[in-house]
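**Student:** Attaching a predicted model along with its sequence, questions to come.
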Amino acid sequence: MSDSATRIRLTLTLTKVYVDALDRLVEEGLYMEHQVAIRDALRHLFKFHGIEPFSEKAEPAAPSEP
């Protein structure tokens, strides 16, 4: 597994309102489990702020010479 794919466990404490919202996303079938919804939310957050590798704001590679 590459360094970028290595998983590290984090402990997160949430208020009931967040847990209830996550429960609803799972119950409605939008996500299979809480952690998948949280990872997806983080991807959206990182893209919004232009954090690599999730950002589409990255400059395109320079064209190669023939």
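**Tutor:** Happy to help now that I have it. Keep in mind the model is a prediction, meaning the values are calculated, not measured.
**Student:** all strands of the chain, in order?
**Tutor:** Using DSSP state E, no strands are found in the chain.
**Student:** Mind listing what's buried along the longest helix anywhere in the chain?
**Tutor:** Assignment by DSSP state H gives helix 34-48 as the longest helix of the chain. Within helix 34-48, the residues scored as buried using 16 or more other CB atoms under 10 Å are 34, 37-38. Glycine gets a C-beta too; all of them are placed from N, C-alpha and C.
**Student:** tell me, what residue is most central in the chain?
**Tutor:** The centroid of the chain falls nearest to Arg43 when counting by CA atoms, centre = their mean (2.7 Å).
**Student:** Look up how far Thr11 lies from that one.
**Tutor:** 20 Å (CB to CB, to the nearest Å).
**Student:** Please save the CA atoms from the longest helix of the chain in CSV.
**Tutor:** C-alpha atoms of helix 34-48 as CSV (Å, rounded to 0.1, in the frame of the first residue of the first chain):
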residue,chain,number,x,y,z
HIS,A,34,-20.9,6.9,8.6
GLN,A,35,-17.2,6.8,7.8
VAL,A,36,-17.9,6.8,4.0
ALA,A,37,-20.1,9.9,4.4
ILE,A,38,-17.4,11.6,6.5
ARG,A,39,-14.7,10.8,3.9
ASP,A,40,-16.9,12.2,1.1
ALA,A,41,-17.5,15.4,3.1
LEU,A,42,-13.8,15.8,3.6
ARG,A,43,-13.1,15.3,-0.1
HIS,A,44,-15.6,18.1,-0.9
LEU,A,45,-14.0,20.3,1.8
PHE,A,46,-10.5,19.8,0.4
LYS,A,47,-11.7,20.4,-3.2
PHE,A,48,-13.5,23.6,-2.1
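**Student:** And it, what does it pack against?
**Tutor:** Judged by 3 or more CB pairs under 8 Å, 6 or more residues apart in numbering; DSSP states H and E, helix 34-48 is in contact with helix 16-27.
**Student:** so what's Leu22 up against?
**Tutor:** 14, 34, 37-38 (CB atoms under 8 Å, 6 or more residues apart in numbering).
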